[in-house]
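Asks: Below are the sequence and a predicted model; questions follow.
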Amino acid sequence: MKEKQIKFYITTPIYYVNDIPHIGHSYTTIVADIVARWKRLNNYDVFFLTGTDEHGIKIVDTAKDKALTPKELCDRMSLKFIETWKLFNISYTDFIRTTEYRHAIAVEKIMQSLFDNGLIFKKKYEGLYCIGCERFYAQKDLDENGYCYFHKTKPLLQSEENYFFKLSYFRNKLLNRITDSTHKEYMEIQPEERRNEIIGKLELGLEDVSFSRMAVKWGVPLPFDKTQTVYVWVDALINYATGVGYPENKYKLQKYWPADIHLMAKDILWFHCVILPAILLGVGLPLPKKIYSHGFFTLNGYKMSKSLGNIISPKELVDKYGVDASRYLIATVMPFGSDGNISWQELTLKYNTDLANNLGNLISRITKMAEKYFNLCIPNVDFDLKLTKNIATILKEGFIKNMDNMQLHKVAEILQSAITLVNRQIEIDTPWKLAKTDIDKLAICVYSYLQAVDIIAMYLLPFMPTISNKIWLIMGASGDINEIAKKYFADNIIHKRGFSKGGSRMQLSEILFPRINKL
Ligand code: ME8
């Protein structure tokens, strides 16, 4: 009987189309992809949603600057995100655009429900608005010169009559869901220090927020007052429900809702931990299970963004390191949760150390040995299980412990230690001496290295989907690596005959990770 799959719903933010995709956006999306792939390999029914945020004043202004209509800008720029995710081999289930019809229906339905539930009221409002963030700020939230911390620009005074959401009504409920881990709808926020910041702010009190705009025409009109459009952030947050079928596809919604993980950087945590859950409470939808925020990639201490002109483009990165290596480097170069100042030197150093010198070198040594002593034919012997079992244990424990917490830099360390272990075993065995004294023992050694590398390749799959498959073929392993890995992760049995079968042929390979000499 087929085992029932557990669902796993993971999301990235939907990115604004005023900016071109850079490695900041790529970081979140690649991390989400690695986790999604890992979950699929562990037999979860994964729904992975990403997309673009296409309404609001920022988009209108950018389109005007480029002499385009907002729709033309959105079509062009959302395509750039789709192309970038294709470049990085991102395995999303759906790509949502907030200008799609299905999304307008969802936004209208939610706004109408909030209105019908008595949670929306009209009020005149005056405040300081940062267009970069698309939000109002109190003076105390700005720096000493009155500038936004994220965009280094001065928010402008805006005043209009808007529809407000009774956010204050949800303060205690939210605090309860965030702090009481025994609550059946407990919402976990990570990392801990960000969670504490959110709790601290909630404890100070919550003010009602404006949920509509009179002056912004590029948005979804309010169903109960067509002269105003829905505030872009509310429109954006609803994408997570639209993506899994809200409101019409009840089956899909029931299957995947709520999200198991909403992933993002710290800049937009408040919206996800406070505004989104309050909307969901207001319409009676369950709250997300986990909200994970990571740090910023910074260049010269500033968050990377097009407006600051300090971006590294995905194409530059892939041209230099290749697709799979770029995925690995971006996802593991900084600890998840902290900020990381990034440089080409640092990336190249990590590429040379982890990939060219450790993994690449291991594959090349084993293939050379197999070619020289066995003409690339896998020896037909029983292998020594000790090395393989060690590798399997290190990897299994490391992945289980760190993958669900997104600690991908730790997972990378564990992968590297497993690779180092095989490299070290080769030094201990001294195959070049055995070739002269004990060819049977050499056969057992080489066969053991192959089995160990097969297991490493399976664990590398979420990070390097193409190169793992290549390594699998080089090692002469047969069958679809993805299917075999699924079975292996489920029962965790290393059979004495292994994955690379005795008598099969290995393949010679090009150098997988050519060393880069210029830092
Ligand atoms: O905020 N370092 O969109 P956005 C790390 N549309 N991550 C970065 C980054 C950097 N330098 N720059 C961007 C929005 N990111 C809204 C979201 S969701 C309902 C609406 C990533 O285009 C990171 O995930 O400004 C951050 O949270 C997101 O891009 C912001 O993307």
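Replies: Received, thanks.
Asks: Tell me the residues on the chain that lie near the ligand, please.
Replies: Within the chain, the positions near the ligand by CB under 6 Å from any ligand atom are 13-16, 19, 24-25, 27-28, 53, 236-237, 239, 264-265, 267-268, 296-297, 303-304. (Glycine included, C-beta is placed from N, CA and C.)
Asks: Give me the subset of those residues lying in strands.
Replies: Pro13, Ile14, Tyr15, Tyr16, Asp53, Met264, Ala265, Phe297, Lys303 (DSSP state E).
Asks: Quick check: the first one touching Asp267?
Replies: No. In terms of CB atoms under 8 Å, Pro13 does not count as a neighbour of Asp267; the distance is 9.3 Å.
Asks: in the chain, which helix or strand is least confident?
Replies: None of the helices or strands of the chain scores lower by mean pLDDT, DSSP states H and E than strand 302-303, at a mean of 70.
Asks: how many neighbours does the residue in the chain positioned nearest to the ligand have?
Replies: The nearest approach of the chain to the ligand comes at Gly24, 2.3 Å away (CB to the nearest ligand atom). Gly24: 24 surrounding residues under other CB atoms under 10 Å.
Asks: I'd like to know how far it sits from Ile330.
Replies: 10 Å (CB to CB, to the nearest Å).
Asks: Also Asn357?
Replies: For Asn357, the distance to Ile330 - CB to CB - is 19 Å.
Asks: who has more neighbours, the two?
Replies: Between Asn357 and Ile330, Ile330 has the larger neighbour count (other CB under 10 Å), namely 26 against 15.
Asks: Torsion angles phi and psi at the residue located most distally from the centre of the chain?
Replies: The centre of the chain is farthest from one residue, Thr437, which by CA atoms, centre = their mean lies 50.7 Å away. Note on Thr437: backbone dihedrals following degrees, to the nearest 10 are phi -110, psi -30.
Asks: Look up the pLDDT of it for me, please.
Replies: With respect to pLDDT, Thr437 scores 96.
Asks: Would you check how far apart it and Thr298 are?
Replies: Thr437 sits at a distance of 56 Å from Thr298 (criterion: CB to CB).
Asks: now Leu512
Replies: Using CB to CB, Leu512 is found at 31 Å from Thr298.
Asks: ok, now His272?
Replies: 21 Å.
Asks: between the two, which one's more packed in?
Replies: Neighbours were counted for His272 and for Thr298 using other CB under 10 Å; His272 has more, 24 against 16.
Asks: list the contacts for that one?
Replies: For His272, the contact set (CB atoms under 8 Å, 6 or more residues apart in numbering) comprises Leu237, His262, Met264, Pro288, Ile291.
Asks: where in the chain is pLDDT low?
Replies: Flagging of the chain using pLDDT under 70 yields the residue ranges 1-3, 300-301, 303, 305-307, 492, 494-497.
Asks: How about the contacts made by Thr229?
Replies: When contacts are counted by CB under 8 Å, 6+ apart, Thr229 is found next to His55, Ser212, Arg213, Val216, Lys217, Trp218, Gly219, Val220, Pro221, Leu222.
Asks: can you give me phi and psi for Lys173?
Replies: Dihedral angles for Lys173 - degrees, to the nearest 10 - are phi -60, psi -40.
Asks: Settle this for me: it is touching Leu281, isn't it.
Replies: Yes. Assessed by CB under 8 Å, Lys173 is found in contact with Leu281 at 5.9 Å.
Asks: When these two are compared, which one has more neighbours?
Replies: Ranked by neighbour count (other CB under 10 Å), Lys173 and Leu281 place Leu281 first, with 18 against 14.
Asks: from what I can see, that one looks like it's in a helix, true?
Replies: Yes. Assigned with DSSP: H, G, I helix; E, B strand; the rest coil, Leu281 falls within a helix.
Asks: which residues touch it?
Replies: Leu281 makes contacts with Phe170, Lys173, Leu174, Leu287, as judged by CB under 8 Å, 6+ apart.
Asks: State the helix or strand in which Lys396 lies.
Replies: helix 385-403 (DSSP states H and E).
Asks: can you list contacts of that helix?
Replies: 35, 38, 407-408, 410-411, 413-415, 417-418, 421-422, 425, 448-449, 451-452, 455-456, 459, 492, 494, 496, 498.
Asks: Mark which of those are buried, thanks.
Replies: For those, a burial check counting by 16 or more other CB atoms under 10 Å picks out 35, 38, 407-408, 410-411, 414-415, 418, 422, 425, 448-449, 451-452, 455-456, 459, 494, 498.
Asks: Most neighbours out of the contacts of His272, which is it?
Replies: Busiest of the contacts of His272 [other CB under 10 Å] is His262, holding 28 neighbours.
Asks: Pretty sure that one sits in a strand.
Replies: Yes. Using three-state DSSP, the assignment for His262 is a strand.
Asks: Residues in a beta bridge with it, which ones?
Replies: Using DSSP bridges, the bridge partners assigned to His262 are Thr11, Ile291.
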